[in-house]
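Trainee: Structure here, sequence nowhere to be found:
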């Protein structure tokens, strides 16, 4: 194994490596005779990839994470954590850090109610939003835990997969900032967690299948607090139900808002999009929002729809997780929730089925694909009404219970 060579640290916002990945970080192709899983490469250092890295490292595996960016924890998007996600954060050993960052100890119960809004929309207000936390706070906690565990985190790198004997892919690391690619050998397991636009999935020839019509959203960080609230509004435009959502917290001085439009958003200028976002955001927050109040996310548009990867595995050592595996409705809590719960659990089962139960790689990956398919189907069915624009039944004066109801005091 070649020795690591020092490289400059990160300067301002430029991405640079702290060191050069050594050649043959994993065993060279053709030199693997064992069939158990002893090491893993994670492509993507977001929450899904880091959660996978932690759980694999806990099984005594050598784990390396490749990430094209430097971790800056700047994404202001909020996660509406489900109860099983909170339990997963406990299992990952980061619950306490996330709890302190989010202020969950200040709001131990999450309840919401449906109310009519101006006779034109329906509003969900969280009386105490236990589940609200910025994704960046989850990322920070997982990153620090992974570094403390000795997981190797290589910044400024992308991965190229090359098929080898018996369907086993080897890895070549390519610096984002330029420079020669370097062979890293053949991992026992490759976990693809590089997001919905996953270049790795595309390079593997795995297509994203569209299972709903496209919906168009604007999102931005508003420099105004709404307190410990989580608001969902279904605003009717004729018979079309348009989704709007605001997520804030007493711990955060700003609020993330997301509002839906139609395909005309694609042809709007960034300034026109900001005016649209400010107008709808004013209804959502019940206060005046101007384009000047919009920070991170200004002028950007996101297309949302139910999509799934045709295959959740490739060859004999590659699995997909998180947004690289599927996307769905932003109205229904899925996405990262599924990654931190179902995907990470299914990934652990792959390792245990091969290492402990003696299953073949083919059988273990088939089981992973089946579990992933069921989770994807459930998420897509749950969000199909919003994505297809069908009007859901509206129930007034209904209280919904979530997260910590019934948990012991002090948790």
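Mentor: Done, it's in. All of these numbers come straight from a predicted model, not from anything done at the bench. Numbering: from 1, shown residues only.
Trainee: What is the burial count for residue 205?
Mentor: 9 (other Cβ atoms under 10 Å). No exception for glycine: its C-beta is placed from N, CA and C like everyone else's.
Trainee: list the contacts for it?
Mentor: Residues near residue 205 by Cβ atoms under 8 Å, 6 or more residues apart in numbering: none.
Trainee: Checking my notes, it in a strand, right?
Mentor: No. The assignment for residue 205 (DSSP: H, G, I helix; E, B strand; the rest coil) gives coil, which keeps it out of a strand.
Trainee: Roughly how far does it sit from residue 133?
Mentor: Distance of residue 205 to residue 133, given as Cβ to Cβ, to the nearest Å: 36 Å.
Trainee: again, but for residue 83
Mentor: Distance of residue 83 to residue 133, given as Cβ to Cβ: 14 Å.
Trainee: For the spatially closest residue to residue 45 that is not a sequence neighbour, give me its contacts.
Mentor: Excluding the flanking residues, the one nearest residue 45 by Cβ to Cβ, 6 or more residues apart in numbering is residue 67, at 3.2 Å. By Cβ under 8 Å, 6+ apart, residue 67 lies in contact with 44-45, 49, 153-157.
Trainee: Show me what residue 67 is bridged to.
Mentor: Note on residue 67: beta-bridge partners residue 155, judged by DSSP bridges.
Trainee: For the stretch 1-150 of the chain, just list every one of the strands.
Mentor: According to DSSP state E, counting those that start in this stretch, the stretch 1-150 of the chain carries its strands in the segments 39-43, 62-67, 78-80, 110-117, 121-126, 132-134.
Trainee: How far off centre is the first one?
Mentor: What separates the centre of strand 39-43 from the centre of its chain is 17 Å, taken as Cα atoms, centre = their mean, to the nearest Å.
Trainee: Number of residues surrounding residue 296?
Mentor: By other Cβ under 10 Å, 15 other residues sit near residue 296.
Trainee: pretty sure it contacts residue 221?
Mentor: Yes. In this structure, residue 296 is within contact of residue 221 by Cβ atoms under 8 Å, at 4.2 Å.
Trainee: shared neighbours, the two?
Mentor: By Cβ under 8 Å, 6+ apart, residue 296 and residue 221 have these common neighbours: residue 76.
Trainee: thinking residue 263 is in contact with residue 216, fair?
Mentor: Yes. Using Cβ under 8 Å, residue 263 is in contact with residue 216, at 6.1 Å.
Trainee: Report the contact partners of the residue nearest to residue 77 when sequence neighbours are not counted.
Mentor: Nearest non-adjacent residue to residue 77, counting by Cβ to Cβ, 6+ apart: residue 135, 4.9 Å away. Shown in contact with residue 135 (Cβ under 8 Å, 6+ apart): 47, 75, 77-79, 336.
Trainee: from the residues you listed, which would you call buried?
Mentor: Neighbour counting with 16 or more other Cβ atoms under 10 Å marks 47, 75, 77-79, 336 as buried within the contacts of residue 135.
Trainee: In which helix or strand does residue 172 reside?
Mentor: Per DSSP states H and E, residue 172 falls inside strand 169-175.
Trainee: What is that strand packed up against?
Mentor: If contacts are counted by 3 or more Cβ pairs under 8 Å, 6 or more residues apart in numbering; DSSP states H and E, strand 169-175 sits against strand 157-163, strand 182-185.
Trainee: Now distance to residue 348 and mean pLDDT too, for those strands, in CSV please.
Mentor: Output for those, formatted as CSV (distance: least, Cβ to Cβ, whole Å; pLDDT from 0 to 100):
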stretch, distance to residue 348, mean pLDDT
strand 157-163, 22, 92
strand 182-185, 23, 90
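Trainee: Out of the ones you listed, which gets nearest to residue 91?
Mentor: Closest approach to residue 91 among the helices and strands packed on strand 169-175 (Cβ to Cβ): strand 157-163, 27.2 Å.
Trainee: Can you name every helix or strand that that closest one contacts?
Mentor: Applying 3+ Cβ pairs under 8 Å, 6+ apart, one finds that strand 157-163 makes contact with strand 62-67, strand 169-175, helix 199-203.
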